[in-house]
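A.B. asks: When you get a sec, could you give me coordinates for this:
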Amino acid sequence: MSIYKINKAKFEIEELNQHRYKNEGYDKISPQELIAQFPSLILSIPELEVADLEKCLVAREFNAGRGPIDILIITENSDIILVETKLYRNPESHRTVVAQSIDYAKALSQVDLEKLKTAFSQSKYTKTETYKELFGDVMFEATLDKNIRTGNFKVVIAGDKIHPNVLNMVEAIQSAPHLAFTIYLAEIQAYTLNDDNLLIKPTIVANTNEVERSVIRLEIDYKEKKHTIESSAPEKEGKGNKLILSQQEFLYSVSKPEFVPVFQNFWKKWKEIGGDVNFGTTGVSHGIHFNGSRVGLFFFYDTNFYLLTPRRVESYGISDKIYGIYKDYLKNNYQKAYDLVIAEKAMIKYDNLTIDDLQIVFEAMFKMGKELKKNSN
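C.D. replies: The predicted model follows:
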C-alpha cells in the first residue's frame, strides 16, 4: 500500500518512501524497540479492543521457560499482550513464528507471578511509579493471576509485512477448537517523511477467533516445507477453560451497587439501536457494527471506565461530526468529563462518580451510537 503526502498550499502530491528496518530489535528504529518504547503502537489498534490506557507494564526478552518473548505488555486492566516481531525478508522465521508464539503463550500460563514482578521491576521500559502502583493493587494482581492461569492472552505477530506463510498457518489454527488466546497479525510499516521523521501506521491484517484453549500439536517439516496442526479440547472443568464474566458476575463486581440499575437500563437501550455488549474476563465492551466491522467504543470495569478520546476516535475512522455529538453532550452536562476527554485523559473511577454522572455518560454514548449506526454503510 502506498502512502502519500499532500502539500495543501501548493496542492502537490508526493509518494513517501517506505522505511526499511535494519533488524527486528537491535536498532533504535526497529519494530521491537519502537513497540517497547511506545506500546500505544499496538494497544491503539481497534481490533485488540483495549481501553484507552494511560499506564502499562512493558518488558523485552521475557523468558517464560521456552525462550524469550520479544515484548510482553500488561495493561492497568490486567490485559496481557505478547508481541513477536518478524521481518518479511527473514523467510526462515515465517515457518516457525506461529508455532513459537503458541509455545510462548502456553509457557506463560505456567509462570509464577513473582517472576513477572521481577522482570517488570528491572525493565527499563516500565516506569517505577507505574510498577509500584499496579503491583500494589490487590485486585490488579488477582485479576492478572487469573488471566495467566486461564491463558487469557492477546498474541500479536508484528512485522513490516506479513508473509503469506504466516497467514496460511493462522487460518489453519483458526479451525482448531478451544484456543484460549487470540492471535493477531499486525503490519508496522514505516514511511519516511523527512530526515528526522517517520510515519507509522499499525494495521491488523488477520486474527483468529477467540475461543477456549486446547492442547495444540504443531509439526513443521522444514525439508518438505509443510506443517500439520492438531488440537484436542481439555476436560470441561480443566485448567484451560476461559473464565468469561457473565452479566450477573459483572454487575456483582461493580464497586458501587447503586450503579447496577443504571447499567441494566443502558444495556437495554444500547441493544435496541443495534449495539452489542461483550463481556470479557475483567470487564465489558460496548460496540457497534460500523461500515462492515464491529467497533468496540466504550470500556467499563468493576471500579472504573474509559471515556472516548479524540485519539481513539481517529483510530476508528469516525467523523468529527458524529464524535461531536458525544463531546457536546458531555460539555453541556458533565464539564469534568469533557475536560478529561479534551486532555486525552480517559479513565474515571466510580468513586468519583454519582448516579447522575453515570447516566449522563451513558446518554452521551447512546446519542453517538445511534447516529453512528444510522450513518453506517
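A.B. asks: Surely Tyr338 touches Lys345?
C.D. replies: No: the criterion here is Cβ atoms under 8 Å, and Tyr338 misses it with Lys345 at 11.2 Å. Where you see a C-beta, it was placed from the backbone N, CA and C, and this is true even at glycine.
A.B. asks: more neighbours, the two?
C.D. replies: For Tyr338 and Lys345, the more surrounded residue by other Cβ atoms under 10 Å is Tyr338, and the numbers stand at 19 against 15.
A.B. asks: Give me the residues contacting the helix ranked longest in the chain.
C.D. replies: Using DSSP state H, we find that the single longest helix of the chain is helix 355-374. For helix 355-374, contacts defined as Cβ atoms under 8 Å, 6 or more residues apart in numbering pick out 258-259, 262, 266, 269-270, 273-275, 286, 288-290, 295, 297-298, 305, 307-308, 318, 322-323, 325-326, 329-330, 333-334, 337, 350.
A.B. asks: Just these: which are in helices?
C.D. replies: In helices, defined here by DSSP H, the members of the contacts of helix 355-374 are 262, 266, 269-270, 322-323, 325-326, 329-330, 333, 337.
A.B. asks: Buried ones only from the residues you listed, please, as a ChimeraX command.
C.D. replies: In ChimeraX, a selection of the buried entries from the ones in helices among the contacts of helix 355-374 looks like this (16 or more other Cβ atoms under 10 Å):
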select :262,266,270,322,323,325,326,329,330,333,337
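A.B. asks: Tell me the one among the ones in helices among the contacts of helix 355-374 nearest to Val97.
C.D. replies: Closest approach between those and Val97, by Cβ to Cβ: Tyr323, at 37.0 Å.
A.B. asks: ok, and the closest non-adjacent residue to the closest one?
C.D. replies: Val313 (4.7 Å; Cβ to Cβ, 6 or more residues apart in numbering).
A.B. asks: pretty sure Ile148 is touching Val111, no?
C.D. replies: Yes: taking contacts as Cβ under 8 Å, Ile148 lies within contact range of Val111: 6.4 Å.
A.B. asks: the more surrounded of these two?
C.D. replies: Higher neighbour count among Ile148 and Val111: Ile148, with 20 against 17, using other Cβ under 10 Å.
A.B. asks: so which of the ones in helices among the contacts of helix 355-374 comes closest to Ile157?
C.D. replies: Tyr323 (31.4 Å).
A.B. asks: which residues of the stretch 201-350 of the chain score low on pLDDT?
C.D. replies: 208-243 (pLDDT under 70).
A.B. asks: so what's the residue nearest the centre of the chain up against?
C.D. replies: In the chain, the centroid-proximal residue (Cα atoms, centre = their mean) is Leu48; its distance is 3.2 Å. Taking Cβ under 8 Å, 6+ apart, we find Leu48 in contact with 42, 81, 154, 156, 184, 204.
A.B. asks: and the gap between the residue in the chain sticking out farthest from the centre and Asp195?
C.D. replies: Within the chain, Lys10 marks the point farthest from the mean C-alpha position, 39.2 Å out by Cα atoms, centre = their mean. For Lys10, the distance to Asp195 equals 20 Å [Cβ to Cβ, to the nearest Å].
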